[in-house]
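J.: take a look and give me a structure for this.
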Amino acid sequence: MTASVDADFFVRLTQANEGFRAGLPATLGRLRQAGAGFNPAAPAPQLASELQSLLHTLAGAAVTFGFRELGQGARALEQRLRVLTAFELVGEDDWQAWLSSLDEFVRAGLAGPTPAYHSAAFSLLP
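T.: Here you go, the predicted model:
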C-alpha cells in the first residue's frame, strides 16, 4: 500500500468523521424526542424498540468514528433498555431512572463530545 492510498483513506475517514459529527445533534435530538414521548407508567413497546435501535446505531457509529465515550454511553443505555424490556413488569421508578440517564446522555452529547482516537494516525493527511 502506498502513502497516497493511505492518505486517501484518511481523507475519506476524516470526511466521514466530520459527517458523523455534523449529524450528531440531529441524532441526539431524535433520542431526546423519543425519550420525551416515553411514558414510564405505560411504556409503548414500539417506542422502546425505536430507542433501542437509535442507541444501537449510535453506539456503533460513535466508536467507529472515534467517539469512544459517546459510544460506550449509548451502549450502556441500550443494554439497560434491553434488560428493562425483557421483564413483563418494570416499576415506573426504574423507567424514570433510565429516562433520566438518557436525558443526561443527550445533554452531554449536545455539549460537544470530542473524538478519542489516536490523532497521530492522521499524520498522513496533507
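
J.: which positions in the longest helix along the chain come out as buried?
T.: Assignment by DSSP state H gives helix 3-36 as the longest helix of the chain. Going by neighbour count (16 or more other CB atoms under 10 Å), the buried part of helix 3-36 is 10, 13, 17, 20-21, 24, 27-28, 31-32, 34-35. For every residue, glycine as well, the C-beta is placed using N, CA and C.

J.: please convert these to TSV, extending it with pLDDT and distance to residue 67.
T.: Below are the buried residues of helix 3-36 laid out as TSV (pLDDT from 0 to 100; distance: CB to CB, whole Å):
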residue	pLDDT	distance to residue 67
10	82	17
13	82	13
17	86	9
20	91	8
21	89	8
24	93	8
27	95	11
28	96	12
31	97	14
32	97	18
34	96	20
35	96	20
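
J.: tell me which of those residues is nearest to residue 75?
T.: Using CB to CB, residue 31 is the member of the buried residues of helix 3-36 that sits closest to residue 75, with 13.5 Å.

J.: so who does the closest one touch?
T.: 51, 54-55, 58, 102, 105-106 (CB atoms under 8 Å, 6 or more residues apart in numbering).

J.: which ones among those residues map onto helices?
T.: 51, 54-55, 58, 102, 105-106.

J.: pull out the buried residues from those residues.
T.: Buried by 16+ other CB under 10 Å: 51, 54-55, 58, 102, 105-106, out of those.

J.: could you dump the residues you listed into a markdown table with pLDDT added?
T.: Shown next, in a markdown table, are those (pLDDT from 0 to 100):
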| residue | pLDDT |
| --- | --- |
| 51 | 97 |
| 54 | 97 |
| 55 | 98 |
| 58 | 96 |
| 102 | 97 |
| 105 | 95 |
| 106 | 95 |
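
J.: got the contact list for residue 108?
T.: Residues near residue 108 by CB under 8 Å, 6+ apart: residue 73.

J.: thinking again about what came up before, and the contacts of residue 31 as TSV, adding distance to residue 64?
T.: Output for the contacts of residue 31, formatted as TSV (distance: CB to CB, whole Å):
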residue	distance to residue 64
51	20
54	16
55	15
58	11
102	22
105	18
106	20
